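Novice: I would like to see how this sequence folds:
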Amino acid sequence: MQCMQFEIYNRSEFPKPFLAIDEDNTLIRLASPRTSSLPNLKSRIRTLIKHLKPGSGVALTIEELCPGGLDLTDGLLIAKAFEKSGAKFIIISSGTIDFPSLKNRKMTKLSIKKMNYIWLASACFLVGRIFIPIYAQGNFDLPIKRSLLRRAKACGLSGLIRFDSNSP
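Specialist: Numbers count the residues shown, from 1 in each chain. Next comes the predicted model:
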């Protein structure tokens, strides 16, 4: 059994090629039932898979966290379709730029002694459901906090991808 090294990158410096179906681009608009002109999930998946290049991975918003948006169940089916089609890894994020108040939620005034890193949840949900390396993508400070690293490793992720100012 080969043990993979846990990886941490800024998105703009990620060394492997990937198809971006996240953030504010044309392909996320095709993936989302909220914005796609395609009639159903099956047709959306078929269209998205055509864009995958051999040997590459995919960066996928797995759930949009907004009314009428891509939900976790459909996101899982899309992720499985990419795995079946040969994606080498998957970078998972959640939320949508169309609803910044939902994507960029701020902590309340409640006192929380330990950061909860809720943005890891969508990526961790895929562990054991797909069997290619899974990276969680989110906003976190560098140097990375040990509590974040511990949580990400404990749920079985392959690494963390940090949004940075140079991210596409």
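Novice: Need the contact partners of the top helix by length along the chain.
Specialist: Secondary structure assigned by DSSP state H gives helix 72-84 as the longest helix of the chain. Outside helix 72-84, the residues within contact range by CB atoms under 8 Å, 6 or more residues apart in numbering are 21, 31, 33, 41, 44-45, 48-49, 52, 58, 60-63, 90, 92, 122, 125-126, 129-132. Any C-beta I mention is one placed from the backbone N, CA and C, and that applies to glycine too.
Novice: same check, this time on stretch 20-36
Specialist: Contacts to stretch 20-36, defined as CB under 8 Å, 6+ apart, come from residues 19, 38, 41, 44, 47-48, 51, 58-61, 64, 66, 68-70, 74, 78, 91, 93, 96-98, 137, 167-168.
Novice: PyMOL command to pick out the buried ones of the residues you listed?
Specialist: Applied in PyMOL, the following selects the buried portion of the contacts of stretch 20-36 according to 16 or more other CB atoms under 10 Å:
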select buried, resi 19+41+44+48+58+59+60+61+64+66+69+70+74+78+91+93+96+98+137+167
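Novice: Restricted to strands, list the contacts of stretch 20-36.
Specialist: Applying DSSP state E to the contacts of stretch 20-36, the entries found in strands are 19, 58-61, 91, 93, 137.
Novice: pLDDT below threshold where in the chain?
Specialist: Within the chain, the stretches with pLDDT under 70 are 1-4, 99-116, 165-168.
Novice: Now Phe18: closest residue in space that isn't a chain neighbour?
Specialist: Closest residue to Phe18 apart from its sequence neighbours, by CB to CB, 6 or more residues apart in numbering: Gly57 at 4.3 Å.
Novice: Wait, the one you found touches Pro17, no?
Specialist: Yes: with contact defined as CB atoms under 8 Å, Gly57 reaches Pro17; the gap is 7.3 Å.
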